[in-house]
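1. Here is a sequence together with a model predicted from it:
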Amino acid sequence: DTGVSQDPRHKITKRGQNVTFRCDPISEHNRLYWYRQTLGQGPEFLTYFQNEAQLEKSRLLSDRFSAERPKGSFSTLEIQRTEQGDSAMYLCASSYQRGDTQYFGPGTRLTVL
Amino acid sequence: GQQLNQSPQSMFIQEGEDVSMNCTSSSIFNTWLWYKQDPGEGPVLLIALYKAGELTSNGRLTAQFGITRKDSFLNISASIPSDVGIYFCAGRDNDMRFGAGTRLTVKP
């Protein structure tokens, strides 16, 4: 399968714990995006990378969130000191370059108890 | 928050009926896209529109990029049960913004 993959698919954690998600984009894609989706809403942009450089962060991305793409391939999204309001689906997408169509992974569903 | 107004929020139709949904924005976009999302999965691209006025089909799906560049519609003809899901419009300039989705239910 050469699509975008995400791991884990589901994560249940207790409030205050740290969690980390991984995204593997389509191999030749330079751009990688993270979105958050809550129930009944469309995806909301969090941040994106051009290769290893993080070029934009939404104001939705609080200080507890950090994303990396160290070698310009896979990316990780870490949430520290999780809160119940962090419960959502976290989606990753990739595209070849700016303006190209974004292809989404299956998402990681986070539940914070 | 969402910058696109997508309607209707939900639709309940009989198998075989045609479906129409639309998306409007106060902003101009360079590209309009339509995605479908099944429960527990990520959105899957259905149709991408790149020029104002463009009308594009993908099987039973037809979408148009409005001439004002502030709206788009998606039509599904002769609906079938597997059309069930949530359909999202997305407008793109430098970033991509999504509508809140149209939840489609098809009764056999």
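-> Received it, and whenever you're ready, just let me know what you need. Here the structure is a predicted model, which is why all the values come from computation and not from measurement. Numbers count the residues shown, from 1 in each chain, chains lettered A, B, ... in the order given.
2. okay, CA-based contacts and neighbour counts for the rest of this
-> Will do.
3. bridging residues for A:Arg109?
-> Note on A:Arg109: beta-bridge partners A:His10, A:Met89, judged by DSSP bridges.
4. That one: neighbour count?
-> 22 (other Cα atoms under 10 Å in any protein chain shown).
5. Now do residue 17, the pLDDT please.
-> I went with chain A, as the question did not name one. pLDDT recorded at A:Gln17 is 98.
6. wrong one, I was asking about chain B
-> pLDDT, B:Glu17: 97.
7. Skipping its backbone neighbours, what lies nearest it in space?
-> Leaving aside its chain neighbours, B:Glu17 sits nearest to B:Ala78 (5.1 Å; criterion: Cα to Cα, 6 or more residues apart in numbering or on different chains).
8. What does the pLDDT read for that neighbour?
-> Predicted confidence (pLDDT) for B:Ala78: 97.
9. got it, and A:Gly40?
-> For A:Gly40, pLDDT reads 88.
10. That one contacts B:Thr102, correct?
-> No. A:Gly40 lies out of contact with B:Thr102 (Cα atoms under 8 Å); the separation is 9.4 Å.
11. of these two, who's got more company?
-> Neighbours were counted for A:Gly40 and for B:Thr102 using other Cα under 10 Å; B:Thr102 has more, 24 against 12.
12. Give me the distance between that one and B:Ser20.
-> According to Cα to Cα, to the nearest Å, B:Thr102 stands 10 Å off from B:Ser20.
13. Against which helices or strands is the least confident helix or strand in chain B by mean pLDDT packed?
-> Ranked by mean pLDDT, DSSP states H and E, the weakest helix or strand in chain B is strand B:96-98, scoring a mean of 90. The contact analysis (3 or more Cα pairs under 8 Å, 6 or more residues apart in numbering or on different chains; DSSP states H and E) places strand B:96-98 against strand A:44-50, strand B:85-92.
14. any residue of the longest one up close to chain A?
-> In other words, strand B:85-92. Yes. Contact of strand B:85-92 with chain A (Cα under 8 Å from any Cα of the partner chain) involves B:Phe88, B:Arg92.
15. Adjacent strands (with direction) for that strand?
-> Using DSSP bridges, strand B:85-92 pairs in its sheet with strand B:31-37 (antiparallel), strand B:96-98 (antiparallel), strand B:102-107 (antiparallel).
16. count of neighbours near A:Ala67?
-> Other residues near A:Ala67 number 21, with proximity taken as other Cα under 10 Å.
17. Likewise for A:Arg98?
-> By other Cα under 10 Å, 13 other residues sit near A:Arg98.
18. And for B:Ala48?
-> Look at B:Ala48: counted by other Cα under 10 Å, it has 22 neighbours.
19. can you tell if the strand or helix carrying it touches chain A?
-> Under the criterion of DSSP states H and E, B:Ala48 resides in strand B:44-49. Yes. Using Cα under 8 Å from any Cα, strand B:44-49 reaches chain A at B:Val44, B:Leu45, B:Ala48.
20. Contact partners for the first one?
-> In this case it means B:Val44. By Cα atoms under 8 Å, 6 or more residues apart in numbering or on different chains, the contact list for B:Val44 reads A:Tyr103, A:Phe104, B:Tyr35, B:Lys36, B:Gln37.
21. Fine, thanks again, bye for now.
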